[in-house]
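Q: Give me the fold of what follows.
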Amino acid sequence: MNKQRFSLTLFFVGCVGGALYFSPILQSPFIKLSQTVKLAYLNQLQKFDQTLTEHIAQKNTIIRLQRENRYYERELLTMHQIADEYTNILREQNSSIKILPSIALVRTISYVRMGDPHKLWLEMDNFDPKHVYGLLYRGYAAGIVVANNNRPVALLNGDVKSTYAVSVGSSQAPGIVRGNNERHLIVDFIPTWVPIAIGDEVTTSGLDQIFLSGLQVGKVISISRASGYQSAVVKPYFYAKKPAYFHIITKVR
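A: A predicted model of the protein is given here:
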């Protein structure tokens, strides 16, 4: 009798677990509750880290920030000068090109699924589930942001569904980069008549309106040909890390 009751209980638990795993409708309230708990935990952890920094490492932090502030002030002045020159050129040419893309800071919450380092839940304001966003980490292309149950999910470089338009080498050979759940990325659909070489820089092309053009992705480490196209294996500058924050491009132009 006890064995029968245990078997029925195990069968019921298995059915419930399977339904939760495969049904997005049933998953949604549990995901929302889980994210609420995780955000509360992250907020408390952040407050604790801030307090610890202020009381234990305040002096070193101030010195480091002052040094970084001097560096960024210098960089900001240089960028301001370049932007001013560029704006003057556009004005003289009566160009209608708009600059200054919209960029926002987003916070990571947790992995979408344990064992998969390429998908992260994000905390993001004004998220549009119909839009695909470019994800950045320290200026490098890090992946894309899409909707999962109407919530923002980061598909990092390495995920098979993380794809965007790139250019390869000084010849600016067009291609589409994708992940393959491995350490390296693949650039497909490179025309055979455009020369590329091992060591070429791979950058975003901006043709997909996901990224700006010229953002670094990685370097070519091998090349192959098949079905009338070239493919390149790329060692990325960013791969499968989980920093606390990313930047996203909310609007290219």
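
Q: just for this protein, where's the confidence low?
A: For the chain, applying pLDDT under 70 flags the ranges 1-31, 33, 52-59, 61-62, 65-88, 90-91, 95-101, 253.

Q: tell me the domain boundaries of it?
A: Using automatic domain parsing, the domain parsing of the chain gives 2-56, 102-253.

Q: tell me the most buried of those?
A: Of all the domains of the chain, domain 102-253 carries the top mean neighbour count, a mean of 17, counting by mean count of other C-beta atoms under 10 Å. In short, each C-beta sits where N, CA and C put it, glycine included.

Q: And Asp49, how close does it get to Leu120?
A: Using C-beta to C-beta, to the nearest Å, Asp49 is found at 19 Å from Leu120.

Q: Then Gln35?
A: Distance, Gln35 to Leu120, using C-beta to C-beta: 12 Å.

Q: shared neighbours of the two, anything?
A: Counting by C-beta atoms under 8 Å, 6 or more residues apart in numbering, the residues touching both Gln35 and Leu120 are Ile109, Ser110.

Q: distance between the ends of stretch 145-160?
A: End-to-end distance for stretch 145-160: 13 Å, by C-alpha to C-alpha, to the nearest Å.

Q: Stretch 170-181 too?
A: 28 Å.

Q: ok, now stretch 130-149?
A: In stretch 130-149, first residue to last residue: 12 Å (C-alpha to C-alpha).

Q: related to what we said a few turns ago, format the domains of the chain as a markdown table; extra columns: distance to Ile63.
A: Shown next, in a markdown table, are the domains of the chain (distance: least, C-beta to C-beta, whole Å):
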| stretch | distance to Ile63 |
| --- | --- |
| domain 2-56 | 13 |
| domain 102-253 | 22 |
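
Q: Between the ones you listed, which one is closest to Arg64.
A: domain 2-56 (10.9 Å; C-beta to C-beta).

Q: I figured Val220 hits Val233, correct?
A: Yes: using C-beta atoms under 8 Å, Val220 is in contact with Val233, at 7.1 Å.

Q: Now name the helix or strand holding the nearest residue to Ala244 once chain neighbours are set aside.
A: In space, and not counting its chain neighbours, Ala244 is closest to Thr108: 6.1 Å by C-beta to C-beta, 6 or more residues apart in numbering. Assigned by DSSP states H and E, Thr108 belongs to strand 102-111.
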